[in-house]
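In: 3D, please:
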Amino acid sequence: MNLGKIMQKNYKTIVYTTLIFLAISLVATFVQPLKYRAQAKVLVVQNFEAGTDSYSASKMNEYLSGLLAKIVSSESFYSQATKIGFNIDANYFSGSKKNQIKKWNDTVQARSVYDSGIISLSVYHPDKTQAENIAQATIFTLKTTNNFYHSIPGVDIRIIDSPSLSVLPVKPNIFLNIIIGIIFGIAFGILLVYRKEQNKLINKVNPF
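Out: Numbering: from 1, shown residues only. Below is the predicted model of the structure:
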């Protein structure tokens, strides 16, 4: 069977299938709250003694940035950051302690930029002001309480990129979801019409 001819003959089915999948992807997208993103970067710096080689200093800063990036997701850090001020809406992190931590980790994401000593922060929230406030609180908590999580003297957290807000919501990814809906719709439509034509051919060859 010529797939091109089959698609041309049954193009309406493929179009309808694509529209159905597109509608499903849009519904799945917009039933979720749209979230803005606040992004920031901080640099972890340690004051080393004179004579410390640059490689050791770099590896120590890399280790500290990796450690602190992981600490951001902890219950201890969450408790400090949400109570440190900055007008964070406590109701957003409601429910059991487990649910609060899960919501915090969905909201605040920190990662260590490889081999640099830099921590990249991303905060997602339906409200722009809250996204910025949480980012500021996270940075302030890192700066003022980081020594609670290690015993290394002379560690300093420096802001290299202050929180910047996305103009439009970034979660869920509307454009990506639309593309996925269209691709799956076309693929399913082609499979559907191909199977339909294949069954017709089988019935002609073997009608009983």
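In: quick one, domains of this structure?
Out: 3-31+174-205, 36-165 (automatic domain parsing).
In: pick the most buried one from the ones you listed.
Out: The highest mean neighbour count among those, using mean count of other CB atoms under 10 Å, belongs to domain 36-165: a mean of 16. Where you see a C-beta, it was placed from the backbone N, CA and C, and this is true even at glycine.
In: chain center to it, what's the gap?
Out: Taking the mean C-alpha point of domain 36-165 and that of its whole chain, the gap between them comes to 16 Å (CA atoms, centre = their mean, to the nearest Å).
In: what about it, start to end distance?
Out: Terminal residues of domain 36-165 are spaced 7 Å apart (CA to CA, to the nearest Å).
In: which stretch in the domains of the chain is the model least sure about?
Out: In terms of average pLDDT, domain 3-31+174-205 trails the rest of the domains of the chain, at a mean of 83.
In: bridged to the spatially closest residue to residue 147 that is not a sequence neighbour, which residues?
Out: Setting aside the residues directly before and after it, residue 147 is nearest to residue 155 in space (CB to CB, 6 or more residues apart in numbering), at 6.5 Å. With DSSP bridges as the criterion, the beta-bridge partners of residue 155 are residue 46.
In: give the contact list for residue 155.
Out: Contacts here follow CB atoms under 8 Å, 6 or more residues apart in numbering; on that basis residue 155 touches 44, 45, 46, 47, 64, 146, 147.
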